[in-house]
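Undergrad: Kindly return the folded structure for what I paste below:
(one chain, ligands or ions: 1)
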Amino acid sequence: MGAHDDAPASNPTTTTTTTTTTIDELIDVCTRAERAPESEPQRALDALRLIESFTAFDDAMFTDARFAQCGKIINTLRKKHGDDEVKAAASRVKAAWTKMILARAEPDAKKQSAKEEKPGKIAAAAAAPVVEKKDGNDPLHEAKVAIKNKLELVDDPARDRTREIFAEALAPCMMDGKVKGVTIEKLASIAAKIENAMTAKWPDGGKDYKTKVRQLAFNLKDAKNPDLRTSMANGDITSDVLIELSPEELGSNERRLANERIRELAEWEAVRGQQQEASTDAFKCGKCKQRACTYYQLQTRSADEPMTTFITCVNCGNRWKIC
Ligand SMILES: [Zn+2]
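TA: Numbering: from 1, shown residues only. Just a heads-up that it's a prediction; the model follows:
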């Protein structure tokens, strides 16, 4: 992708095709968002939405100083932009990046749990494509239909339509492989409960109700945010709580990051301010026994505690950290 300044954000594909985004592309789009005049928030918004569509990143990006610069741009938009939608989009980007950085910081734990799940049915389900296929044998489509068939309806066309929308939005839970013991019946029941909570809060089914339907449906089915629907399916969030969440909260992974240690680690200021990667032969890789490593340090806790060193083996990609 080139650096055409005024090119419209025409390719925010929602498929899971893994086109790797490079730091050159990212800084280009971030700069576009930064330079868009405040009087034209749509331009900043287009750029941010394009950034949101980036799901796979070049590994080298995270240790590139320009990534910190991108973080700075996003953070400024998040805090200082005059347009609320731009602020919200920037917040979502921040949350997504924070999540990525955290996932990279704890690769060993992640790999371990992935390995443990492999032999089970859950992993097989997880391997199923998340993208909706057009042909007949589409597991996501089948899940949607199955959940809708189990829905308890209330003989009110508008409310029943909402139930169906939530049923469809929750259907990816069947493919995510993140909820143990998830069933079609359970998801149907949750879809109905969410709608019940909404009708209790907005009995007239008016504008607020409809806006909330769109917000919830978008975030529940979002391929990049499986945590929200997972939390619902697991019962971590009740319907009453769900409908009170702001768009920003819905779009972020705050809930997954509830663990306090991770929350501290997630502090963007710490990440962007202190991530300075350097090469060293001071560390020996436990896997390949080579001494070609890069590392960076983060203040993961309070300022008076020692930094955590995140080390990457250049030879085999092994990662570990020293606290
Ligand atoms: Zn190694």
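Undergrad: Next, please give the residue ranges for the strands of the stretch 101-250 of the chain.
TA: In order along the chain, the stretch 101-250 of the chain carries no strands (DSSP state E, counting those that start in this stretch).
Undergrad: Tell me where it has helices.
TA: Taking DSSP state H, counting those that start in this stretch as the criterion, the stretch 101-250 of the chain contains helices spanning 107-117, 121-127, 139-150, 157-170, 173-176, 184-201, 207-221, 226-234, 239-242, 247-251.
Undergrad: Arg319 is nearest to which of those?
TA: Set against Arg319 and scored by Cβ to Cβ, the helices of the stretch 101-250 of the chain come closest in helix 107-117, at 4.7 Å. (Glycine included, C-beta is placed from N, CA and C.)
Undergrad: any idea of the mean pLDDT for the closest one?
TA: Looking at helix 107-117 alone, the average pLDDT works out to 43.
Undergrad: burial of Lys148, as a residue count?
TA: 20 (other Cβ atoms under 10 Å).
Undergrad: same question, Ser246
TA: Quick note: Ser246 (other Cβ under 10 Å) scores 11 neighbours.
Undergrad: Now it: phi and psi?
TA: Per-residue torsions, Ser246: phi -80, psi 160 (degrees, to the nearest 10).
Undergrad: Just the pLDDT at it, thanks.
TA: Per the predicted model, pLDDT is 77 at Ser246.
Undergrad: what do you get for Thr13?
TA: At Thr13, the model reports a pLDDT of 43.
Undergrad: again, but for the one 4 residues further on
TA: Listed pLDDT for Thr17 reads 47.
Undergrad: give me every residue that touches the spatially most distant residue from the centre of the chain.
TA: Most distant residue from the mean C-alpha position of the chain: Asp155, 35.6 Å away (Cα atoms, centre = their mean). Applying Cβ atoms under 8 Å, 6 or more residues apart in numbering to Asp155 gives no contacts.
Undergrad: Quick check: pLDDT value at it.
TA: pLDDT recorded at Asp155 is 92.
Undergrad: what does the one 3 residues further on give?
TA: Taken from the predicted model, the pLDDT recorded for Ala158 is 95.
Undergrad: doesn't Asp204 make contact with it?
TA: No - at 10.7 Å, Ala158 and Asp204 do not qualify as touching, with contact defined as Cβ atoms under 8 Å.
Undergrad: got JSON lines for the helices of the stretch 101-250 of the chain, with distance to Lys289 too?
TA: Shown next, in JSON lines, are the helices of the stretch 101-250 of the chain (distance: least, Cβ to Cβ, whole Å):
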{"stretch": "helix 107-117", "distance to Lys289": "17"}
{"stretch": "helix 121-127", "distance to Lys289": "31"}
{"stretch": "helix 139-150", "distance to Lys289": "43"}
{"stretch": "helix 157-170", "distance to Lys289": "47"}
{"stretch": "helix 173-176", "distance to Lys289": "37"}
{"stretch": "helix 184-201", "distance to Lys289": "48"}
{"stretch": "helix 207-221", "distance to Lys289": "45"}
{"stretch": "helix 226-234", "distance to Lys289": "37"}
{"stretch": "helix 239-242", "distance to Lys289": "50"}
{"stretch": "helix 247-251", "distance to Lys289": "43"}
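Undergrad: Kind regards, and thank you for your time.
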